[in-house]
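Chemist: Okay, structure incoming, though there's no sequence with it:
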């Protein structure tokens, strides 16, 4: 989400009467690569770019080819084969051991359906959507390279039947997919990806250790709300990076917040009574992740207090509570603790264990395939 917003910011700064622009998107990866399908880079004809499609190895060549795309006004797919460092034609040792397809397309600022316009709409609405891009096609399909179809969580008949199943699959699992699909008149190669609004972090408590957590979370592109029942702690100068500062009592705060399936709530006020009241209310919401700073016995004390007062929650509700919060990194300082907390939250929403990658068998990134996958010829 952060990279998309940066691209949109740079795009808005360009004088489109004077400059031409193109968008490079990674649409297929076989083997290893630094960036995954969906990585983007915006390029202007004066050599400026924003975003990245590799670790720096491919950008130079992509810039040259993007200039040709801007001159011709026609999109193209460029394949980079980094399997053999000695044989690669770029003159650098890439070392990725993979095959990477990059879709380069000129941007027409007058076209309301151009990819930048679709990304801007997504950024404004912050919904979950799947975008399918026609990368290549045989003559006679009635489609053009760069045509796009959008599927949101609302019913639509704008997606053709031959594409709907794959788009719904990507909507369900969240992993990008490149498919070769036979349709009347020929075949098409389609890149399908899901765009997610990203993780939203709600921090209850505005103490000293909240500051590095807010700063680090916003640095990686998360939206952050900091809330407290002491307005003096919520001075904007203490949290200049925060998306929202909310002053509210513990008994009313959840009524003033909107939670999604990408919301993480973190309690770190160091005030037992406040945290107990907030946690009691959070467990009555659908927020998927609740983390609490402090020792395990603090949370156990809260559960004992619920039992004494006749307040009960089922096992599935309590499973959402992570206490103590964070991955076991040996964190000591507030900044290190912030890293530990954010690492656990990211692992939770990515459905990963948070262990060492060196101990992981198989590829780092999960992939999905369909029977229609093939090499386009």
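Modeler: Alright, I've got the coordinates. Computed from a predicted model, the values in this text were never measured in an experiment.
Chemist: what about the residue lying farthest from the centre of the chain, helix or strand, and which?
Modeler: In the chain, the greatest distance from the average C-alpha position (C-alpha atoms, centre = their mean) is reached by residue 308, at 42.4 Å. Applying DSSP states H and E as the criterion places residue 308 in helix 296-309.
Chemist: now swap in residue 212 and tell me
Modeler: Counting by DSSP H and E, residue 212 is found in helix 210-219.
Chemist: So which residues make contact with that helix?
Modeler: Helix 210-219 is contacted by residues 201, 203, 224, 226, 238-239, 241-243, 266, 268, 334-335, 337-339, 341-342 when judged by C-beta atoms under 8 Å, 6 or more residues apart in numbering. To be clear about C-beta, it is placed using only N, CA and C from the backbone, and glycine gets the same treatment.
Chemist: what helices or strands is the helix or strand hosting residue 25 leaning on?
Modeler: Assigned by DSSP H and E, residue 25 belongs to strand 21-31. Where contact means 3 or more C-beta pairs under 8 Å, 6 or more residues apart in numbering; DSSP states H and E, strand 21-31 is packed against strand 40-44, helix 59-72, strand 98-106, helix 115-125, strand 129-137, strand 186-195.
Chemist: Tell me which of these sits most buried.
Modeler: Greatest average neighbour count among the helices and strands packed on strand 21-31 goes to strand 40-44 (a mean of 25), per mean count of other C-beta atoms under 10 Å.
Chemist: need the next SSE after it, C-terminal direction.
Modeler: strand 49-51.
Chemist: Quickly run through the sheet partners of that next one, with directions.
Modeler: Sheet pairing for strand 49-51, assigned by DSSP bridges, gives strand 40-44 (antiparallel).
Chemist: Average pLDDT for the strand it pairs with, rounded please.
Modeler: Here strand 40-44 scores 93 as its mean pLDDT.
Chemist: The chain - how does it break down into domains?
Modeler: 2-106, 127-195, 200-357 (automatic domain parsing).
Chemist: Can you mark which positions in stretch 300-316 are buried?
Modeler: 302, 306, 313 (16 or more other C-beta atoms under 10 Å).
Chemist: hang on, I meant stretch 236-244
Modeler: Buried residues in stretch 236-244 (16+ other C-beta under 10 Å): 238, 239, 242.
Chemist: And for stretch 246-262?
Modeler: Those would be 246, 248, 250, 253, 254, 257, 259, 262, for stretch 246-262 by 16+ other C-beta under 10 Å.
Chemist: go on, stretch 209-225?
Modeler: Per 16+ other C-beta under 10 Å, stretch 209-225 contains these buried residues: 209-218, 222-225.
Chemist: For those residues, which two are the farthest from each other?
Modeler: Using C-beta to C-beta, the pair of those lying farthest apart is 209 and 223, separated by 19.8 Å.
Chemist: Show the contacting residues for residue 331.
Modeler: 337, 339, 340.
Chemist: try it again with 6 Å
Modeler: 337, 340 (C-beta atoms under 6 Å, 6 or more residues apart in numbering).
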